[in-house]
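Peer 1: model this:
(one chain, ligands or ions: 1)
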Amino acid sequence: MELKRRPRRLRANQAIRSMVQENHVRVQDLIYPMFVMMGEKKKLEISSMPGVYNFSLDELILALQEVVKLGIPAVLLFGIPESKDSVGSGAYHEHGIVQEAVRLAKKHFPELYVITDVCLCEYTDHGHCGLIDQGQVLNDPTLDLLAQTALSHALAGADMVAPSDMMDGRVAAIRELLDKEGFSHIPIMAYSAKFASGFYGPFREAAGSTPQFGDRRTYQMDPSNGNEAMRETELDIEEGADLIIVKPAMAYGDIIYRTKQKCGVPVAAYNVSGEYAMVKAASANGWIDEKRIVMEALVSMKRAGADLLITYHALDVANWLREEGPV
Ligand code: PBG
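Peer 2: From the prediction side, this is the model:
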């Protein structure tokens, strides 16, 4: 038979397959999310996220040694405060948990790129990402607190801030305050396409941030909507976002693709807690090959257009890349 086109020619062996490989997961792409709390010598595993811990500050430094040694360029810090209140005051306190963690991380590892999650939900007793009045999540009064939170992170030495609250106008509010206070050089990575997702379940267990009433559907987006995500993203870029996060990632490849095509800005895919938990649970049962599944999921995000990968698998991925070279 005379076939003109034989795509299998370029799949014949590993050498040619590597030569024509279109997308790669690189250690430089990785951002490792980490949870920090007050106290000493504490390293609490999050039960639904095996291998992910909530660290006291001294343990954080030990864990960061490993991150730096593996060549992972950046971490994304989440704080678990000792106490919560209705206005989330731990979020913007000069000596709050994230602020202390940033100071310590930058002191020990000046080269490590430290990004902070800017939100109130870990710090409010009601678990919502904004102020509450009569059961409603207030938008505009929340903006100042978010901006104060971002500023307190910048003052502590954060390299970049990542607002994850989904209030309208928060990127503009943060940009304005940072600029006014002399932090015009600090980039904003906005969680622009953030969906009201069931995939955040394990994170909320870790952060104790499950809303005490209602849900997040009045501020996070309906998973059915793609055009809305484009409008959110365009707005955030207009307001001054430098990078965009799409979250979750695995079920949202179309959003990653469209964001990249339409806006061209650097895009980070957030491979969230529930995605991590599913892979861990199935591999613990011997039902899937963890490494293959993780690398396939991550390269699919790169293929869709992501530049950066925010993932709890980052340590494993960095180790695998060391052992075997780029995947
Ligand atoms: C805070 C925040 C959440 C996540 C990141 N920032 C939780 C939420 O919106 O409920 C989720 C991260 C994950 O699931 O890995 N707003």
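
Peer 1: could you pull out the strands for the stretch 151-300 of the chain?
Peer 2: Secondary structure of the stretch 151-300 of the chain (DSSP state E, counting those that start in this stretch): strands at 160-163, 189-194, 243-247, 267-271.

Peer 1: Any residue of the lowest-mean-pLDDT helix or strand in the chain touching the ligand?
Peer 2: Least confident helix or strand, the chain: helix 201-207 with a mean of 90, by mean pLDDT, DSSP states H and E. Yes: judged by Cβ under 6 Å from any ligand atom, helix 201-207 comes into contact with the ligand through 203-204. C-beta here means a position set from N, CA and C on the backbone, and glycine is covered the same way.

Peer 1: before we move on, what about stretch 132-142?
Peer 2: No: for a cut-off given as Cβ under 6 Å from any ligand atom, stretch 132-142 has no contacts with the ligand; the smallest distance is 12.0 Å.

Peer 1: likewise stretch 49-56?
Peer 2: No: Stretch 49-56 stays clear of the ligand (Cβ under 6 Å from any ligand atom), getting no nearer than 8.5 Å.

Peer 1: For that stretch, buried residues please.
Peer 2: Going by neighbour count (16 or more other Cβ atoms under 10 Å), the buried part of stretch 49-56 is 49, 52-56.

Peer 1: swap in stretch 157-175?
Peer 2: Neighbour-count burial for stretch 157-175 flags 157-167, 169-175 (criterion: 16+ other Cβ under 10 Å).

Peer 1: Then stretch 279-298?
Peer 2: Neighbour-count burial for stretch 279-298 [16+ other Cβ under 10 Å]: 279-280, 283, 291, 293-295, 297-298.

Peer 1: Can you list the residue ranges for helices in the protein?
Peer 2: Under the criterion DSSP state H, the chain contains helices at 14-19, 57-69, 97-108, 140-156, 170-180, 201-207, 227-239, 253-263, 273-284, 290-304, 314-324.

Peer 1: Tell me which of those lies nearest to Arg217.
Peer 2: Ranking these by proximity to Arg217 (Cβ to Cβ) places helix 227-239 first, at 12.5 Å.

Peer 1: Can you show me the CA trace of the closest one as PDB?
Peer 2: C-alpha atoms of helix 227-239 as PDB (Å, rounded to 0.1, in the frame of the first residue of the first chain):
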ATOM      1  CA  ASN A 227     -17.500  33.900  28.100                       C
ATOM      2  CA  GLU A 228     -17.900  35.300  31.500                       C
ATOM      3  CA  ALA A 229     -14.400  34.100  32.400                       C
ATOM      4  CA  MET A 230     -13.100  36.100  29.400                       C
ATOM      5  CA  ARG A 231     -14.900  39.200  30.600                       C
ATOM      6  CA  GLU A 232     -13.500  38.800  34.100                       C
ATOM      7  CA  THR A 233     -10.000  38.400  32.700                       C
ATOM      8  CA  GLU A 234     -10.200  41.400  30.400                       C
ATOM      9  CA  LEU A 235     -11.500  43.500  33.300                       C
ATOM     10  CA  ASP A 236      -8.600  42.400  35.600                       C
ATOM     11  CA  ILE A 237      -6.100  43.200  32.900                       C
ATOM     12  CA  GLU A 238      -7.600  46.600  32.400                       C
ATOM     13  CA  GLU A 239      -7.400  47.200  36.200                       C
END
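
Peer 1: so who does the residue nearest to Asp289 when sequence neighbours are not counted touch?
Peer 2: Leaving aside its chain neighbours, Asp289 sits nearest to Ser283 (7.2 Å; criterion: Cβ to Cβ, 6 or more residues apart in numbering). By Cβ atoms under 8 Å, 6 or more residues apart in numbering, the contact list for Ser283 reads 289-290, 293.

Peer 1: closest to Ile72 among the residues you listed?
Peer 2: Looking across the contacts of Ser283 and measuring by Cβ to Cβ, the closest to Ile72 is Glu290, at 18.6 Å.

Peer 1: Give me the pLDDT value at the nearest residue to the closest one once chain neighbours are set aside.
Peer 2: Using Cβ to Cβ, 6+ apart and skipping the chain neighbours, the partner closest in space to Glu290 is Ser283 (3.6 Å). Here, the pLDDT recorded for Ser283 equals 98.

Peer 1: Next: the one 3 residues further on.
Peer 2: According to the predicted model, the pLDDT of Gly286 comes to 98.

Peer 1: what does Trp320 give?
Peer 2: The model's pLDDT for Trp320 equals 97.

Peer 1: Residues of the stretch 151-300 of the chain that sit close to the ligand?
Peer 2: 164, 200, 203-204, 272-273.

Peer 1: can you pull the buried residues of the least confident helix or strand of the chain?
Peer 2: Result for helix 201-207 [16+ other Cβ under 10 Å]: buried residues 202-207.

Peer 1: Tell me the one of these nearest the ligand?
Peer 2: Among the buried residues of helix 201-207, Phe203 lies closest to the ligand (Cβ to the nearest ligand atom), at 3.2 Å.

Peer 1: Please name the nearest non-neighbouring residue to the closest one.
Peer 2: With Cβ to Cβ, 6+ apart, the residue lying closest to Phe203 is Ser273, at 3.8 Å.
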